[in-house]
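Asks: Predicted model follows, preceded by the sequence.
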Amino acid sequence: MKKKQKNQYRSYYQVSWDILRKNYVAMFCLAIILALAVIAVFAPYLTPYEPNITKPRDRFQSPNGAHLLGTDQYGRDILTRIFYGCRISLSVGLISQLIASLLGYFIGVCAGYFGGKADHVLSFIIQVFSSFPFLLFAIAVMFILGPGLMNLYIALGLLGWTSTARLVRGEVLRIKNSEYIQACVVGGGSPLRVIMRHLLPNCVPILIITITLGIPNAILSEASLSYLGLGVSPPTASWGSMISEAQPFIRGYTYYSLFPGLAIIITVLSFNLLGDGLRDALDPKLRS
């Protein structure tokens, strides 16, 4: 009897994990993402080559035993540069989405909790930022800030918060009149205490989903900006810059652009499918 009682009282996240674990597609994508994270962290130990050292004698080698994915026009190992480019893509995706989620959470929670003029002003700001085409806005911001990894974090983080703000605002409007929140207010709880102690835990599932689904968008944006020369500065390895460098040689050396493109596709697809699985597991309305 005791064991049955213990099993009946499982936390929200334990139930969510059980649902996610039964989603084999999401779990397979999670394994791919973990493998990419390992590659990004241990890239120097997974390849004997340096990503930026040129070897003119080895230029344009087809995939072989020494260079599994071949070499580029400077004799650099393509697999090595893909490994190091994984660092750029994952870091840009994760850090920019953390910035966007923090900004979106605080704007959304302030708009929903305080209401009135604050809600009107913040909702107007959200609509203004949402009205601009994301990639064109990112190109304009990067043109102003200049190429560089830190500028990529800032640009994509400052431009990707609107969807999070909308979702958080809607959730806060739904729960702000709940009895436990009103009890905290009546008991002398400050707005900051209510926001951090009671509203934030309710918004964590939303933040997890938006971060997971926002990372592939950030990765695609970084690849697009690097392709246009507005991303990381060369010779730093980036999947987008590798495709850009391979463009003049795409007919004669298809493998040069093929493998970085496949890396982008696999990474973006894995995050999107994992995000769908997390949404199904964390949203009580979607649970069967």
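Replies: Arrived safely, thanks for sending. Numbering: from 1, shown residues only.

Asks: Identify the residue nearest the geometric centre of the protein.
Replies: Closest residue to the average C-alpha location of the chain: I215 at 1.5 Å, with C-alpha atoms, centre = their mean.

Asks: I'd assumed L94 was in contact with that residue.
Replies: Yes - here I215 lies in contact with L94, judged by C-beta atoms under 8 Å, at a distance of 6.4 Å. Every C-beta, even on glycine, is put in place using the N, C-alpha and C of the backbone.

Asks: Pull up the gap between the residue nearest to the centre of the chain and K176, please.
Replies: 29 Å (C-beta to C-beta, to the nearest Å).

Asks: One more: G231?
Replies: Distance, G231 to K176, by C-beta to C-beta: 40 Å.

Asks: Which one of the two is surrounded by more residues?
Replies: G231 (28 against 20; other C-beta atoms under 10 Å).

Asks: any idea where the strands of the stretch 151-288 of the chain begin and end?
Replies: Under the criterion DSSP state E, counting those that start in this stretch, the stretch 151-288 of the chain carries no strands.

Asks: Next one: V15 from F259, what distance?
Replies: 40 Å.

Asks: Of those two, which one has the most company?
Replies: F259 (21 against 14).

Asks: The more buried one touches I82, doesn't it?
Replies: Yes - the pair F259 and I82 qualifies as a contact (C-beta under 8 Å) at a distance of 6.2 Å.

Asks: Can you give me the distance of the closest residue to L273 other than its chain neighbours to F124?
Replies: Leaving aside its sequence neighbours, L273 sits nearest to C29 (C-beta to C-beta, 6 or more residues apart in numbering; 4.5 Å). Distance from C29 to F124, counting by C-beta to C-beta: 37 Å.

Asks: which of those two has more neighbours?
Replies: Neighbours were counted for C29 and for F124 using other C-beta under 10 Å; C29 has more, 22 against 11.

Asks: for that one, phi and psi?
Replies: Main-chain torsions, C29, degrees, to the nearest 10: phi -70, psi -40.

Asks: mind listing what it touches?
Replies: C29 makes contact with L269, S270, F271, L273, L274, G277, according to C-beta atoms under 8 Å, 6 or more residues apart in numbering.

Asks: Tell me who's in contact with the second one.
Replies: Right, the one you point to is S270. By C-beta under 8 Å, 6+ apart, the contact list for S270 reads C29, L30, I32, I33, L36.

Asks: the helices in the chain, which residues?
Replies: Applying DSSP state H to the chain gives helices spanning 2-8, 12-21, 24-41, 43-46, 78-114, 116-131, 134-145, 149-159, 162-175, 179-186, 191-194, 200-227, 239-246, 254-282.

Asks: Ok, which of the ones you listed comes nearest S62?
Replies: Nearest to S62, of all these, is helix 254-282, at 6.8 Å by C-beta to C-beta.

Asks: Please report the distance of Y13 from L20.
Replies: Computed as C-beta to C-beta, the Y13 to L20 distance reads 10 Å.

Asks: These two - which one has more neighbours?
Replies: L20 (18 against 14).

Asks: where's that one relative to T212, distance?
Replies: According to C-beta to C-beta, L20 and T212 sit 11 Å apart.

Asks: ditto for A155
Replies: In terms of C-beta to C-beta, A155 sits 21 Å off from T212.

Asks: Same check on V204?
Replies: V204 is 13 Å from T212, where distance means C-beta to C-beta.

Asks: Name the residue in these two with the higher neighbour count.
Replies: T212 (22 against 13).

Asks: Quick one: residues contacting that one.
Replies: By C-beta under 8 Å, 6+ apart, the contact set of T212 is F271, L274, G275, L278.

Asks: Swap in 10 Å and give it another go.
Replies: T212 is in contact with 33, 93, 97, 271-279, 282, counting by C-beta atoms under 10 Å, 6 or more residues apart in numbering.

Asks: how close does the residue nearest to it when sequence neighbours are not counted get to I33?
Replies: Excluding the flanking residues, the one nearest T212 by C-beta to C-beta, 6+ apart is G275, at 4.0 Å. Here the criterion is C-beta to C-beta. By it, G275 lies 11 Å from I33.

Asks: which sections of this structure are below the confidence cut-off?
Replies: Low-confidence segments of the chain, defined by pLDDT under 70, span residues 1-9, 284-288.
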